[in-house]
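Colleague: model this:
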Amino acid sequence: RLRHRTGGPHLGLEPGEWWRSLSPNALTPTSTLSGQEALAAQLAQSYHGQGTFLAPVTRQIRWCCGHELRGPTAKNTNVPVPKEPIIFSKFASSIVGPYDEVVLPPESQEVDWEVELAVVIGKKGKHIKATDAMAHVAGFTVAHDVSARDWQMRRNGKQWLLGKTFDTFCPLGPALVTKDSVADPHNLKICCRVNGEVVQSSNTNQMVFKTEELIAWVSQFVTFYPGDVILTGTPPGVGVFRKPPVFLKKGDEVQCEIEELGVIINKVV
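Modeller: Model prediction:
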């Protein structure tokens, strides 16, 4: 999703080596670049006042899996691996674009980073079997599950919702990558950098619950609709479990990257 400076939001498509607008007031097509180079070129245009990238989807982040990916440092969290997915939600007002700012709320002093693989639903369904789950997936994108740990872990009865859903707490992008363009969503390098330093580095093959399992589990309770988004869990390395804990501050820059899907970059203000 794109916004041109002279028009409203519209869709863009990158088939092969072209980045094309699918509606009027188009951004200038980039005909000689492909992949992340094309996205970077478009982003550079936005810095020159031509337009901006928006989040690829805008529905509520309906379902999030609240557990870290497995890994050598996961044991430092002292959280046992759950037998069932821990589910919470993020409101639509938390969604911002891939290069938008994350706003520190005055109500929290413990804002943390979490890079996550996001699954975008493309087909309505309920009571979906795991073997049929991928037929309901439109594609994948990168998510930054920003989290206020004080509200998530201590306040409001230790319910996770408020700590996860402050405004701007869910940057998404840079694009919706269709499932046929991803070789294996469960074998992608995933990392997060804060001010250029790698703080999370893993692979989606370490996911506790795979995409198919999550879709089957959640669809027992609710109906999935096109545009719904599932966040699938984050690698070890978040700030709250560091010794001493480290939290985001004004001026920080967070880069969340997943192989084949791209990079989102969000400044903290």
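Colleague: okay, the closest residue to Thr204 other than its chain neighbours: pLDDT?
Modeller: Excluding its sequence neighbours, the residue lying closest to Thr204 (Cβ to Cβ, 6 or more residues apart in numbering) is Leu188, at 4.6 Å. Glycine gets a C-beta too; all of them are placed from N, C-alpha and C. With respect to pLDDT, Leu188 has a value of 97.
Colleague: contacts only, for Leu188.
Modeller: Listed by Cβ atoms under 8 Å, 6 or more residues apart in numbering, the contact set of Leu188 reads 117, 182, 203-204, 258-261.
Colleague: thought Ser89 was touching Cys64?
Modeller: Yes - if you go by Cβ atoms under 8 Å, Ser89 and Cys64 touch, sitting 6.7 Å apart.
Colleague: please enumerate the shared neighbours of the two.
Modeller: By Cβ under 8 Å, 6+ apart, the residues touching both Ser89 and Cys64 are Lys164.
Colleague: please say which of these two ends up with more neighbours.
Modeller: Between Ser89 and Cys64, counting by other Cβ atoms under 10 Å, Cys64 is the more crowded of the two (29 against 15).
Colleague: contacting residues for that one?
Modeller: With contact set as Cβ under 8 Å, 6+ apart, Cys64 has these partners: 87-90, 116, 145, 164, 230-231.
Colleague: neighbours around Pro106, how many?
Modeller: Using other Cβ under 10 Å: Pro106 sits among 6 other residues.
Colleague: meant to ask about Pro244
Modeller: Pro244: 5 surrounding residues under other Cβ under 10 Å.
Colleague: so which strand or helix has it?
Modeller: Per DSSP states H and E: Pro244 is located in neither a helix nor a strand.
Colleague: per-residue confidence for it?
Modeller: For Pro244, pLDDT reads 96.
Colleague: try Glu14
Modeller: Value for Glu14, per-residue pLDDT: 65.
Colleague: swap in Ala41?
Modeller: Reading off the model, Ala41 has pLDDT 50.
Colleague: equivalent analysis for the one 5 residues further on, please.
Modeller: pLDDT for Ser46: 45.
Colleague: over to the one 5 residues further on?
Modeller: For Gly51, the model assigns a pLDDT of 63.
Colleague: same question for the one 4 residues further on.
Modeller: Predicted confidence (pLDDT) at Ala55: the value is 90.
Colleague: name the residues linked to the residue nearest to it when sequence neighbours are not counted by a beta bridge.
Modeller: The spatial neighbour of Ala55 that comes closest, neighbours along the chain excluded (Cβ to Cβ, 6+ apart), is Leu172 at 4.2 Å. Per DSSP bridges, the residues bridged to Leu172 are Ala143.
Colleague: if I pick Leu172, what's in contact with it?
Modeller: Leu172 touches 55-57, 95-98, 118, 141-144, 229, 264, counting by Cβ under 8 Å, 6+ apart.
Colleague: quick one on the thing from earlier: can I get the contacts of Leu188 in CSV with neighbour count, pLDDT and distance to His127?
Modeller: As requested, the contacts of Leu188 are exported to CSV (neighbours: other Cβ atoms under 10 Å; pLDDT from 0 to 100; distance: Cβ to Cβ, whole Å):
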residue, neighbour count, pLDDT, distance to His127
Leu117, 24, 96, 24
Val182, 18, 96, 26
Asn203, 18, 96, 31
Thr204, 23, 95, 26
Ile258, 26, 98, 29
Glu259, 14, 97, 32
Glu260, 16, 97, 31
Leu261, 26, 97, 29
